[in-house]
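Asker: Provided below are the primary sequence and the corresponding predicted coordinates.
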Amino acid sequence: MITQQQVYEACQKDPKYQELLDRVKGYNVEASEYKQKQRQAFRKIIQFNRLEDLAMDKMADCEGNDHDKALLSCTGQDQETWFCDWRSYEDLCFDSMVEAAIAASNAQSMIDVVKDKQAINAALMTSREAEIRAKLEKEQEESN
């Protein structure tokens, strides 16, 4: 009877099995890279969300005409102009969050593709392992 240890040792010597094993390592690295890209996109979303909140707070500060003269003399712009500027900053933050969300979604799609490749590779490894076991069993029968 062939043991799992014997199959394992034979697999370690088999070039086709080793090629499949190398693919596993490559797929793990590839998935890790996509996960890192996804994390970066999530961090961007968090940062832009905070900036958007800041812009909304600043827009609220610009409502009314209480400080128009001071703003005009110090910055050359009145409260309405500052309100519009902060609104455009808010819009820019929102657009950037959408872009980052798309990047995160694209990374997830690629992670799913890599998972499919990993599943196919795992099936190929199982099949190759079964072939090696069958070959070892046949050799053992012939030697008896």
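Answerer: Great, that's in hand.
Asker: Can you tell me the closest non-neighbouring residue to Tyr89?
Answerer: Ala55 (4.4 Å; C-beta to C-beta, 6 or more residues apart in numbering). C-beta: built from backbone N, CA, C; applies to glycine.
Asker: SS state for that neighbour?
Answerer: With DSSP: H, G, I helix; E, B strand; the rest coil as the basis, the three-state label of Ala55 is helix.
Asker: so what's it scoring on pLDDT?
Answerer: Here the pLDDT value assigned to Ala55 is 89.
Asker: Could I get the full set of helices for this protein?
Answerer: 4-13, 15-61, 68-75, 79-143 (DSSP state H).
Asker: worst average pLDDT in those helices?
Answerer: helix 68-75 - the lowest mean pLDDT of the helices of the chain, at a mean of 75.
Asker: so that one versus helix 79-143, what angle?
Answerer: Helix 68-75 runs at 60 degrees relative to helix 79-143, counting by axes from the mean of the first three to the mean of the last three C-alpha atoms, to 10 degrees.
Asker: what packs against helix 68-75?
Answerer: With contacts taken as 3 or more C-beta pairs under 8 Å, 6 or more residues apart in numbering; DSSP states H and E, helix 68-75 sits against helix 79-143.
Asker: Off-centre distance for the helix it packs on?
Answerer: 7 Å (C-alpha atoms, centre = their mean, to the nearest Å).
Asker: ok, now stretch 20-37?
Answerer: Remark: stretch 20-37 is offset 12 Å from the chain centroid, using C-alpha atoms, centre = their mean.
Asker: residues making contact with it?
Answerer: For stretch 20-37, contacts defined as C-beta atoms under 8 Å, 6 or more residues apart in numbering pick out 103, 107-108, 110-111, 114-115, 117-118, 121-122, 124-125, 128.
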